[in-house]
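Chemist: Give the three-dimensional model of this entry:
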Amino acid sequence: MDISHNSQSSNIQIPGVQRYDFQPYESNGGSIVAVAGNGFAVIAADTRLSSEYTIHTRNQNKLFPLTAKTVLGSTGCWSDALALTSLVQIRTKIYEQEHMKIMPTEAAAHMLSILMYSRRFFPYYVSNILVGLDIENNGVVYSYDPVGHCEKSMYKASGSAGPLLQPVLDNLIGAKNVVAQKCTPFADFNKERAVSIVSDAFISAAERDIYTGDTVAINIITKDGCEARKVQLRKD
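Modeler: Alright, predicted model coming up:
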């Protein structure tokens, strides 16, 4: 049976018949960058919330602390991001009450993967990055696709400006295709160096992505707790 014309039949206008299209997803923009190192983890996200050419707010924080050593960054469809992050925060508190201890970062990463995979047939339209410290107090970064596939790495960028931010991280942190020298700039990599790289990457991305801008909220996680900083970006 030939069904080659079925895709075109949905565009046929029938007189007297009204069609109502339902679009459950909307991209509200935003970008996230995360970097991990020995004894620290840094995650940053811009604060612009928009749809197409409309800016809804310039001061929306997209970082959600789960514990003192774990932070979740979420962007994309903002309604889905709020629904998912609120569920994750509730599960984190339930874990703490049932087990009488703080949920480790590895457990939080596994839980988030399960929650997203359970909605694989109608997935959350979000880009998630979860960062924190492992049991040895070293930084870890977990990134996800919309159906919950998890990848562990030392740095990651996602969101509307992800394709612009990731090459910067590959060059300055991963040293991809960089010729090794005796005096390498990666030898003294620490949290201040990571914050500087993240800030510079966002400043560059804001020049080319209209959905990324205004302010960058930065969370720096160490064994002493979570420190919050802000970096101003262009506002147009």
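
Chemist: Would you confirm that residue 70 contacts residue 108?
Modeler: Yes. Between residue 70 and residue 108 there is a contact under C-beta atoms under 8 Å: 5.1 Å. All C-beta spots, glycine's among them, are computed from the backbone N, C-alpha and C.

Chemist: Now do the shared contacts for the two.
Modeler: Residues touching both residue 70 and residue 108 (C-beta atoms under 8 Å, 6 or more residues apart in numbering) are 130, 132.

Chemist: In terms of neighbours, single out the busier of those two.
Modeler: residue 70 (27 against 24; other C-beta atoms under 10 Å).

Chemist: From residue 69, how far off is the residue nearest to the more buried one when sequence neighbours are not counted?
Modeler: Excluding its sequence neighbours, the residue lying closest to residue 70 (C-beta to C-beta, 6 or more residues apart in numbering) is residue 132, at 3.6 Å. Distance of residue 132 to residue 69, given as C-beta to C-beta, to the nearest Å: 5 Å.

Chemist: Show me which positions of the longest helix along the chain end up buried.
Modeler: Determined from DSSP state H, the single longest helix within the chain is helix 78-99. Judged by neighbour count using 16 or more other C-beta atoms under 10 Å, the buried positions of helix 78-99 are 78, 80, 81, 84, 85, 88, 91, 92, 95.

Chemist: Then stretch 59-67?
Modeler: 60, 62, 63, 64, 65, 66, 67.

Chemist: Closest one to residue 152 out of those residues, please.
Modeler: Relative to residue 152, the closest of the buried residues of stretch 59-67 is residue 66; by C-beta to C-beta it sits at 16.8 Å.
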